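Engineer: Sequence and predicted structure below; questions after.
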Amino acid sequence: MEQYVMALDQGTTSSRCILFNHAGDICGMAQREFEQIYPHPGWVEQNPREIWSSQYSVMAQVMAENGIDAKQIKGIGITNQRETTIIWNRYTGEPVYNAIVWQCRRTAEMIDALKEEGFDQVIREKTGLIADAYFSASKIAWILDHVEGAREQAEKGDLLFGTVDTWLIWNLTGGLVHVTDYTNASRTMLFDIHKLCWDEEIMAKFRIPRAMLPEVKPSSCIYGYTDEKVLVGNVPIAGAAGDQQAALFGQGCFQPGDVKNTYGTGCFLLMNTGTDPVMSGNGLLTTIAASTDPAKVEYALEGSIFVAGAANQWLRDGMRLVENTPETEMYASQVEDTDGVYIVPAFAGMGAPYWNQYARGTVVGLTRGCTREHFIRATLESIAYQAYDVIKAMEEDAGVQLNVLKVDGGASANNMLMQFQADINNTIVHRPKCIETTALGAAYLAGLATGYWKNKDKIKENWQLGRAFESEMDKEKRNQLLKGWKRAVRCAIAWAEDDE
Ligand SMILES: Nc1ncnc2c1ncn2[C@@H]1O[C@H](COP(=O)(O)OP(=O)(O)O)[C@@H](O)[C@H]1O
Ligand SMILES: O=P(O)(O)OC[C@H](O)CO
């Protein structure tokens, strides 16, 4: 009977379950999109029950469609949209509020107040993060401050906090295990990434009781076993990592200096920096990478872009310019350029390297000649321009030039986007055969903990190139396009600053 490792990939817009074999091939997969809730401009929520039910249903579907029983699953690896904040009652398992999604900006003013008193420096030093509404801390505080009775219950020890990994493990184990891994903890803005513990000073600043926070464990270890009511057979849950760290692992970026860029809802460039945390001088975050040594953690530098594939979903659902997101490639390829149009999709402020909580989406350069094709092309190009900015910041921090960029994630399937990325950065883009690298990374973490894979060398052998993209753009054109992009970004930021 063939054995597999199962990855549960809980992304921002969909829940996925993927079965992998020893070669790292996909042997079964199911995916389900779920509802995004936008109660006010700049606010983003999800229903925690739907996060769980969509994840559970794709897991059941994969098993049924492939005729698999629990004995054939050597372990489950969890990977998840990070920072998204869920608080629930430890006795009933009922969430007290919707999940506040990483993109949500409702706590921007709370963060401004901390910056004014200089507390952002404490945050930067201890957590490696740049104080921002993006991370979990201010979202937890918001729920405790705004949901009736929540603070009282939290202080009594009745409420639990979790990022999505914690919520899934809690539900998979029938409410027995309240745990997270180092990578997810490092995104809460409450975790000291040097001492590897929850930080009392930051918890006190946000008035977050310690009893709410999960136990923190390495990314590759047994957290617990599936409850009989969820999956008969007590399958070990043996890996967990935030999706971007999982993708870094899944790409085999095990050495300091190894880099990957994932194009999902957002776009996240990560560089492994080994066992030393490197602080950026260019707006990048220092974060914990997924690793397998229980005795020490590894770190990464990260450039976080809030809107990437989400801009294509906006073209589909908001603007209704395409029927599905792959269609963007067909339309964008019908024109040679954007006819001078730039789109800055700062729907949720801007992350690295700008870190502006109030920037908003901007379209510049419109003339009567602008067509649907130009508009779609400008949206796709904006993803690559944003990645250009973080790649340059990373190159400066690391003091190296990135000659090859490993890519993955849903939108990396778009050949036009990948070609433009190669063009605008004058670099080679390597897309692996398997672009489900996030899920693969989670599977590797679980498979290493349960002996399914022997070691990281075995895993590295699985990486296969799918397609390489090389720059076809001359320097003059590149410089001219980049000049326009920089002007467009200035417009998006000016819009935020000039509210008179
Ligand atoms: N062929 C494509 N061209 C452009 N964008 C795409 C394509 N396929 C998927 N996407 C985008 O990729 C995103 C989904 O990628 P995925 O890695 O599943 O993200 P997440 O894990 O954030 O849900 C969506 O935002 C979608 O718009
Ligand atoms: O949903 P993704 O794959 O864009 O990832 C979201 C990130 O984890 C947010 O930090």
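Structural biologist: Structure received. Ligands and ions are numbered 1, 2, ... in the order given.
Engineer: Can you name the residues of the stretch 351-500 of the chain sitting close to ligand 1?
Structural biologist: Contact residues, the stretch 351-500 of the chain versus ligand 1 (CB under 6 Å from any ligand atom): G409, G410, A411, A413, N414. From N, CA and C alone the C-beta is placed, and that goes for glycine too.
Engineer: Can you name the two of those residues that sit furthest apart?
Structural biologist: Pairwise distances across those peak at 10.3 Å for G409 and N414 (criterion: CB to CB).
Engineer: Between the residues of the stretch 351-500 of the chain next to ligand 1, which sits nearest A310?
Structural biologist: A411 (9.4 Å).
Engineer: In a helix, that closest one, correct?
Structural biologist: Yes: according to DSSP: H, G, I helix; E, B strand; the rest coil, A411 belongs to a helix.
Engineer: number of nearby residues for it?
Structural biologist: Here the number of neighbours of A411 (other CB atoms under 10 Å) works out to 27.
Engineer: shift numbering so it begins at 33
Structural biologist: Shifting the count to begin at 33 puts that one at A443.
Engineer: if we can go back for a sec, check the residues of the stretch 383-532 of the chain next to ligand 1 for burial and list the buried ones.
Structural biologist: Buried members of those, scored by 16 or more other CB atoms under 10 Å, are G441, G442, A443, A445, N446.
Engineer: Quick one: name the residues of the stretch 283-432 of the chain near ligand 2.
Structural biologist: Applying CB under 6 Å from any ligand atom, we find that the stretch 283-432 of the chain lies next to ligand 2 at G296, T297, G298.
Engineer: Name the nearest residue to Q113, ignoring sequence neighbours.
Structural biologist: Once flanking residues are discounted, Q113 sits nearest to T44: 4.4 Å by CB to CB, 6 or more residues apart in numbering.
Engineer: need the contact list for whatever residue of the stretch 133-282 of the chain ends up closest to ligand 1.
Structural biologist: Going by CB to the nearest ligand atom, ligand 1 is nearest to D275 of the stretch 133-282 of the chain, at 6.2 Å. For D275, the contacting residues are D41, G43, T111, N112, Q113, R114, T294, G296, T470, by CB atoms under 8 Å, 6 or more residues apart in numbering.
Engineer: Could you check the pLDDT of it?
Structural biologist: With respect to pLDDT, D275 scores 96.
Engineer: Need the residues that contact the least confident helix or strand in the chain by mean pLDDT.
Structural biologist: When each helix and strand of the chain is scored by mean pLDDT, DSSP states H and E, helix 488-492 comes last, with a mean of 90. The contact list for helix 488-492 (CB under 8 Å, 6+ apart) reads G56, G284, F286, T324, Y476, L480, W485.
Engineer: same question, stretch 226-243
Structural biologist: If you take CB under 8 Å, 6+ apart as the criterion, stretch 226-243 is touched by 146, 151, 154-155, 158-159, 169-170, 172-173, 176, 183, 186-187, 189, 193, 214, 217, 221-224, 245, 248, 309, 329.
Engineer: Tell me the buried residues within these.
Structural biologist: For these, buried by 16+ other CB under 10 Å: 146, 151, 154-155, 158-159, 169-170, 172-173, 176, 183, 186, 193, 214, 217, 221-224, 245, 248, 309, 329.
Engineer: Show me which residues of the stretch 133-282 of the chain sit near ligand 2.
Structural biologist: Counting by CB under 6 Å from any ligand atom, the stretch 133-282 of the chain sits next to ligand 2 at W134, G274, D275, Q276.
Engineer: for those residues, which one is nearest R400?
Structural biologist: For those, the nearest to R400 is W134 (38.5 Å; CB to CB).
Engineer: What helix or strand is that closest one located in?
Structural biologist: W134 belongs to no helix or strand when assigned by DSSP states H and E.
Engineer: Grab the nearest non-local neighbour of it.
Structural biologist: Sequence neighbours aside, E115 is the residue nearest to W134 in space, at 3.8 Å (criterion: CB to CB, 6+ apart).
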